[in-house]
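In: Give me a model of this one.
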Amino acid sequence: MIQVKVCGMNDPLNVKAIAKAKPDFMGFIFFYGSPRYVGAAPDVALFHNVPSGIKRIGVFLNEVNYKILEISLNIGLDMIQLHGEESPESCFQLQSSGLSIIKSFNIDHNFCFEILKRYLPCCDYFLFDTKSEKRGGSGRKFNWEKLKAYSLDKPFFLSGGICPEDTGVIKSLSNKGFFAVDINSRFEISPGIKDADRVSTFINEIKNDQI
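Out: Model (predicted):
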């Protein structure tokens with residue numbers, strides 16, 4: 001069954017509302033350049049309002065590893081998503097600390113999946129997003145045809161402009177590595193605030209066995 005990650009959460013009450021839809025993951029952005037940035041001193045309720053059955057993912061972009069480890073320990077993150085130009089060596093260092101690592105890659109029509117082989121030993125998952133200047137949350141649709149060229153033995157999250165109307169197409173994707181969808185801007189009322197009804201409907205349709 002396809003898993004669902006709701007990313008870019010930055011409001012404690014909205015976290016509570018979205019948690020009722022039972023996503024598998026919630027993502028929190030620790031990059032100050034994002035409009036969904038949790039802030040330098042985020043409210044601890046933002047993370048404490050996530051039920052135990054939902055994994056908390058910290059999203060970082062070219063952050064130093066000691067800072068990632070410090071934040072992860074203080075907040076109790078379950079997984080780390082690296083959204084910049086992090087090296088395999090950096091991923092390995094973080095993974096060796098016991099963290100599950102998602103390495104994100106910005107995909108365009110020229111992208112070659114062969115370059116990901118260097119990351120296979122040091123990441124638990126990949127995440128494929130649409131290449132854009134915004135580095136995520138752009139709302140630009142991912143070219144799903146590109147996935148036909150992916151054959152590596154590593155599960156991946158699919159991001160990139162996913163909206164409520166995409167459930168049928170998403171459920172028809174047959175790549176064996178397809179593990180989860182990552183939803184964000186197309187489900188928002190404003191940056192960081194998700195529409196709970198739209199998220200709930202999407203998750204129910206994705207989890208339903210019928211296409």
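In: where does the protein dip in pLDDT?
Out: Residue ranges of the chain with pLDDT under 70: 132-140, 142, 210-211.
In: mind redoing it with 80?
Out: 131-143, 209-211 (pLDDT under 80).
In: The closest residue to Leu158 other than its chain neighbours: neighbour count?
Out: Nearest non-adjacent residue to Leu158, counting by CB to CB, 6 or more residues apart in numbering: Val181, 5.3 Å away. C-betas here are computed from N, CA, C, even on glycine. By other CB atoms under 10 Å, 25 other residues sit near Val181.
In: List the neighbouring strands of the longest strand along the chain plus their orientation.
Out: The longest strand of the chain (DSSP state E) is strand 100-107. Partners of strand 100-107 in the sheet, by DSSP bridges, are strand 79-82 (parallel), strand 125-130 (parallel).
In: Just put these in a markdown table and tack on mean neighbour count.
Out: Below are the strands paired with strand 100-107 laid out as a markdown table (neighbours: other CB atoms under 10 Å):
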| stretch | mean neighbour count |
| --- | --- |
| strand 79-82 | 25 |
| strand 125-130 | 23 |
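In: Including distance to Pro51, could these go into JSON lines?
Out: As requested, those are exported to JSON lines (distance: least, CB to CB, whole Å):
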{"stretch": "strand 79-82", "distance to Pro51": "16"}
{"stretch": "strand 125-130", "distance to Pro51": "21"}
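In: Ok, which of the ones you listed comes nearest Arg186?
Out: Nearest to Arg186 among those is strand 125-130; the distance by CB to CB comes to 11.9 Å.
In: so how far is that closest one from its chain's centroid?
Out: Centre-to-centre, strand 125-130 and its host chain are 8 Å apart (CA atoms, centre = their mean, to the nearest Å).
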